[in-house]
Each structure stands twice: as C-alpha cells, then as structure tokens.
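Enquirer: Below are the sequence and a predicted model; questions follow.
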Amino acid sequence: MFRKVLILTAYLLGCWTCELQAGVVNSKWVGGEQGEWGNASNWKPGVVPDNSPFNTFAVTIDSNSIGVGEVRIGLPQERTIRQLDCYGVVILQAWTWYLVPLTIQDGLTNHGSLTLDKVDIKGDVTNVGGAELEFWAHQNIYGNLYNLAGATLKFDRHDIDIEGQRIENDGLIFCTGNGGPGEQPFFENRGTIQLFGGGCGASEIFYNNSTGEIEGFGAVVGHQLIRNRGAIRASTGTLLLYTEGSLTNSGMLKNSIGAGLHIRGRTAACIADVNNQGTVEVSAEGSVVFDCNLVNEPNGVVKLLGGTLAAQKVTQSPGATLEGFGGITGNVVIDPNGIMKLTGPTNIVGDVTISQNATLEISDGTTLITGQTTCNGTIHMKGGRIIPQGGLSGDCNIVWEPGAYSNIADFNLDGRVDIRDFADFADTWLWQLSW
C-alpha cells in the first residue's frame with residue numbers, strides 16, 4: 001500500500017512539474033519612473049522576471065500605462081526571459097561599469113521610444129513602425145536586427161556589434177559621430193540610411209536594394225561584396241564604400257556638389273573591377289573615385305556634371321553612355337563600337353585608347369589629354385577641339401564639323417561664321433608675324 005502511495009505521489013509531482021515548466025508568466029512593470037529589475041515589488045505579479053525550470057516570463061514595460069514620462073530600469077546582473085515588449089519611453093541600462101546581458105528567447109520588440117545603455121541583448125530585436133531605438137554605449141546584439149517601415153534607429157558615437165546573421169532596414173537609420181551597426185554577415189537596406197560621420201556595414205555582403213537610399217559622409221562596408229540597386233549619394237564630405245571583394249552597381253552612385261564618393265579596398269589593387277550597369281553622376285567641385293578599374297557596361301550611364309571621375313582605368317563598352325564635361329583621372333579605353341561624348345571643357349589626365357570602330361566625340365569645348373592618345377577609330381569634333389598633349393598615334397579618322405552651339409571658326413564669338421571672323425583672326429595673328 002505504502003509503495004502504491006509513493007508511486008502515485010511521484011506521478012502527481014511529475015505532472016505538477018511539467019505544468020510549471022510549461023507556465024508563462026505575463027509580467028508588467030509597475031515600479032514607477034525608476035527602479036531595479038531585481039526588485040520584485042516593481043513587477044506585477046510580484047516576482048522578478050527571470051526564467052527558471054518552472055516558469056518563463058513574457059515581460060511588458062509601458063511608461064504610458066503607469067502615467068509617467070519615462071521608465072528607467074537598472075540591470076545590475078544578467079537575466080533571462082522569454083520575450084520583451086516595450087511601449088512609451090523606456091531606458092534599459094546596466095547599473096554596473098561593465099556590459100550586462102539580457103537574454104530574450106523570443107526576442108525584443110520595441111513599440112515606443114527605447115534606449116539601451118550597456119545592455120547586451122541575446123536574441124532578435126525588432127523595431128516596429130513608429131518606434132525609435134537608440135544606443136548610448138558600445139554594446140552587442142546576439143541576434144538579428146529588424147527595423148521595420150516607419151521605424152527609426154539611432155547610432156550615436158558608438159559602434160554596435162550585431163552578432164546574429166543579418167540586419168534588415170525598411171525604416172530610417174541615423175549614424176552619427178563614428179556610430180553605426182556592423183559585424184553581422186548580411187545587411188539589406190530597403191529604407192533610408194543617413195550618415196553624419198558614422199558608418200554601417202557587414203562582414204560579408206552589404207545589399208542596398210532598389211528602394212534603398214544612403215546619403216551623407218562616413219562609411220559603408222561590405223567586406224566581400226557591396227551590391228547597389230538603389231541610390232548612394234555622398235554629401236557634405238567624403239563617403240567611403242569599402243570592400244575587399246567587389247562592388248556592383250545597377251542603381252545610382254553620385255556625389256553632391258563639393259562632396260566626394262570614394263570606392264576602395266584595403267589597398268588600391270585588392271578589389272575587382274567595378275562593373276557599372278546603372279548610373280554614376282559626378283557633380284561639380286567634387287569627385288567619384290574608384291581605386292580600381294571602372295567598366296561602364298552596356299546600358300550603363302556615367303554623367304560628368306563638372307566634377308572629376310577617377311579610376312585606374314575607365315573602360316567604355318559598346319552601348320554604354322559616358323557624357324558631359326569636367327575631369328577624368330586615369331587611363332581611358334573606348335572599346336570597339338563604343339562612344340564617349342564630351343561636351344564642354346574637359347581634362348583627361350592619363351592615356352586614351354580609341355579602338356577600331358570606336359568614337360570620341362567632342363562638342364562645344366576643348367578636351368586636353370595629358371597622356372598618349374592612340375586612335376584607330378574616330379575623333380569627331382562638333383564645334384570642339386582636342387589637344388593631345390602627350391602625342392597622337394594610330395590610324396585615326398578625324399572629323400570636324402560646326403557644333404550646334406559653337407564653332408571654332410567663329411573667332412569673334414558673334415554666333416556667325418563670316419568674313420568678319422577672318423578679318424579679326426588676321427588682325428590678331430597674321431599681321432603680327434615677323435616677315
């Protein structure tokens with residue numbers, strides 16, 4: 001009889017233990033404006049949220065529900081919970097001089113304005129539409145980071161290591177004063193990233209999708225690959241795109257007036273050719289610099305808007321567009337059946353190779369080439385002029401015709417070519433010759 005009682009008691013205890021293990025405690029902060037996580041009186045029910053073999057905790061912190069402007073909660077030691085939802089204005093901070101881990105098995109979801117200060121989150125973090133998440137110190141997220149449409153992430157002065165697999169941004173990210181996220185293998189931007197001296201990156205692939213916009217000065221890093229299908233614009237200062245692998249562009253790369261966009265790797269020779277299948281715009285008083293070769297692929301567009309385009313070598317493929325005026329630093333190769341149109345004053349600091357059936361078209365200005373010009377195709381001048389300062393060689397077809405807006409025979413610049421131009425030319429030059 002006694003043996004049967006023991007067996008029944010053990011069975012009931014086992015069932016009771018299983019029920020406790022499966023129990024989820026919905027825990028809410030009631031501790032007012034400031035308090036310690038480990039004080040049971042700050043919670044309802046009055047139990048410190050910290051998982052055990054018997055219970056897991058789904059925690060809600062809401063400054064609005066308790067009628068205060070903000071809630072500041074101190075973590076003096078590590079805690080583990082099942083999930084965390086934050087509403088209103090919440091500050092989670094380590095009440096120690098070192099980082100304190102907070103393990104959240106099903107992840108942290110921020111619905112309001114949340115600040116993390118020296119708290120390492122072990123789990124995924126999701127910032128929903130209308131929410132704002134800010135980091136006050138260097139810390140880690142041991143999970144993925146999701147910034148949804150309409151949400152805002154702020155990284156100020158501190159780099160945040162995302163030790164999960166990915167960052168996905170559909171909202172707005174601010175990176176200021178050397179602050180920003182990185183470390184994770186994959187970063188996909190479908191929203192907006194504004195850089196004010198900060199940076200963002202990935203240990204493997206940085207992907208700026210077709211709806212993604214990146215603007216400012218600082219750094220974007222994709223150690224294996226930067227793939228741009230959206231828009232990347234340098235403004236105010238220099239924006240660095242850093243990769244030790246390759247960069248592909250089928251979107252927009254550009255600089256604002258006076259700013260510089262710089263694409264490079266650890267050393268100038270360590271990244272592959274940049275293949276442009278989108279658009280590169282080079283604005284005045286600024287530059288777009290490739291510390292590698294730039295290949296303007298068929299249907300690719302390069303617009304010189306008064307700035308300087310620099311690369312070790314610029315290759316113009318057939319079907320590609322390169323047009324405008326300004327400066328090109330580096331060697332230029334126009335492939336067979338390719339065409340390059342320079343309209344206005346342009347300096348090319350490097351050698352120029354015009355292949356068979358290729359064309360260099362110069363309109364309404366002078367193009368100065370400091371290096372050797374090797375032409376086996378056509379130089380077509382439409383009211384423009386070429387100065388091959390480094391010499392001209394090859395079997396070149398040189399064509400000249402008046403331009404739509406200018407004519408080098410219009411010596412007195414009155415918009416017409418007539419006997420007055422010859423008279424002015426003679427008066428200025430011919431009669432000054434020593435006979």
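Expert: Arrived safely, thanks for sending.

Enquirer: pLDDT score assigned to Gly265?
Expert: On pLDDT, Gly265 comes in at 79.

Enquirer: Run through the residues that contact it.
Expert: Neighbour list for Gly265: 242-245, 271, 291-292 [criterion: Cβ atoms under 8 Å, 6 or more residues apart in numbering]. The C-beta positions use only the backbone N, C-alpha and C, and glycine is treated the same way.

Enquirer: Take those residues and keep only those in helices.
Expert: Nothing among those maps onto helices, per DSSP state H.

Enquirer: Quick one: buried ones out of those?
Expert: Neighbour counting with 16 or more other Cβ atoms under 10 Å marks 242-243, 271, 291-292 as buried within those.

Enquirer: which phi and psi does Ile398 have?
Expert: Note on Ile398: backbone dihedrals following degrees, to the nearest 10 are phi -100, psi 120.

Enquirer: Quickly list what it is bridged to.
Expert: Per DSSP bridges, the residues bridged to Ile398 are Ile379.

Enquirer: and it, what is it in contact with?
Expert: Ile398 makes contacts with 378-379, 381, as judged by Cβ under 8 Å, 6+ apart.

Enquirer: just the helices in the stretch 101-250 of the chain please.
Expert: Applying DSSP state H, counting those that start in this stretch to the stretch 101-250 of the chain gives no helices.

Enquirer: Any buried residues in stretch 23-37, and which?
Expert: The neighbour-count check on stretch 23-37 (16+ other Cβ under 10 Å) flags 25, 27-29, 31, 35, 37 as buried.

Enquirer: what two of the residues you listed are the furthest from one another?
Expert: Largest separation among the buried residues of stretch 23-37 by Cβ to Cβ: Val25 and Gly35, giving 18.5 Å.

Enquirer: List the contacts of stretch 44-62.
Expert: 17, 20-21, 23-30, 37-40, 43, 71, 73, 79-88, 90, 105, 112.

Enquirer: what about burial for those, which qualify?
Expert: 25, 27-29, 37-38, 43, 71, 73, 79-88, 90, 112.

Enquirer: who touches Gln372 in this structure?
Expert: Counting by Cβ under 8 Å, 6+ apart, Gln372 has contacts 351-352, 388, 390-391, 393.

Enquirer: so what's Gly377 closest to, chain neighbours aside?
Expert: Counting by Cβ to Cβ, 6 or more residues apart in numbering, Gly377 lies nearest to Ala358, which is 3.9 Å off, once chain neighbours are set aside.

Enquirer: The one you found touches Ala320, doesn't it?
Expert: No: between Ala358 and Ala320 there is no contact, the gap being 11.4 Å when judged by Cβ atoms under 8 Å.

Enquirer: what sits in contact with each of these two?
Expert: Gly338.

Enquirer: what stretches of the chain score poorly on pLDDT?
Expert: For the chain, residues meeting the criterion pLDDT under 70 lie at 1-22, 267-271, 403-435.

Enquirer: Where is the longest strand in it?
Expert: strand 301-316 (DSSP state E).

Enquirer: CA atoms only for it, dumped as PDB, please.
Expert: Taking Å, rounded to 0.1, in the frame of the first residue of the first chain, the C-alpha atoms of strand 301-316 are listed here in PDB:
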ATOM      1  CA  VAL A 301      25.500  55.600 -67.700                       C
ATOM      2  CA  VAL A 302      28.200  58.000 -66.500                       C
ATOM      3  CA  LYS A 303      27.300  61.600 -66.300                       C
ATOM      4  CA  LEU A 304      30.100  64.200 -65.900                       C
ATOM      5  CA  LEU A 305      28.500  67.300 -64.400                       C
ATOM      6  CA  GLY A 306      31.600  69.300 -63.900                       C
ATOM      7  CA  GLY A 307      33.300  67.100 -61.300                       C
ATOM      8  CA  THR A 308      36.200  64.600 -61.500                       C
ATOM      9  CA  LEU A 309      35.800  60.900 -62.300                       C
ATOM     10  CA  ALA A 310      38.900  58.900 -61.200                       C
ATOM     11  CA  ALA A 311      39.800  55.300 -61.700                       C
ATOM     12  CA  GLN A 312      42.900  53.300 -62.600                       C
ATOM     13  CA  LYS A 313      41.200  52.600 -65.900                       C
ATOM     14  CA  VAL A 314      37.900  53.700 -67.400                       C
ATOM     15  CA  THR A 315      36.600  51.300 -70.000                       C
ATOM     16  CA  GLN A 316      33.700  52.400 -72.200                       C
END
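
Enquirer: Quick one: list the elements packing against it.
Expert: strand 274-276, strand 279-283, strand 287-290, strand 293-296, strand 321-334, strand 339-349 (3 or more Cβ pairs under 8 Å, 6 or more residues apart in numbering; DSSP states H and E).

Enquirer: Can you check which of the ones you listed gets nearest to Gln194?
Expert: Closest among the helices and strands packed on strand 301-316, using Cβ to Cβ: strand 279-283, at 18.8 Å.

Enquirer: Please spell out which residues along that closest one are buried.
Expert: In strand 279-283, counting by 16+ other Cβ under 10 Å, buried: 279-283.

Enquirer: Determine which two of those are furthest apart.
Expert: Within the buried residues of strand 279-283, two members stand farthest from each other by Cβ to Cβ: Thr279 and Ser283, at 12.7 Å.

Enquirer: what is in contact with these two at once?
Expert: Common contact partners of Thr279 and Ser283 (Cβ under 8 Å, 6+ apart): Lys254.
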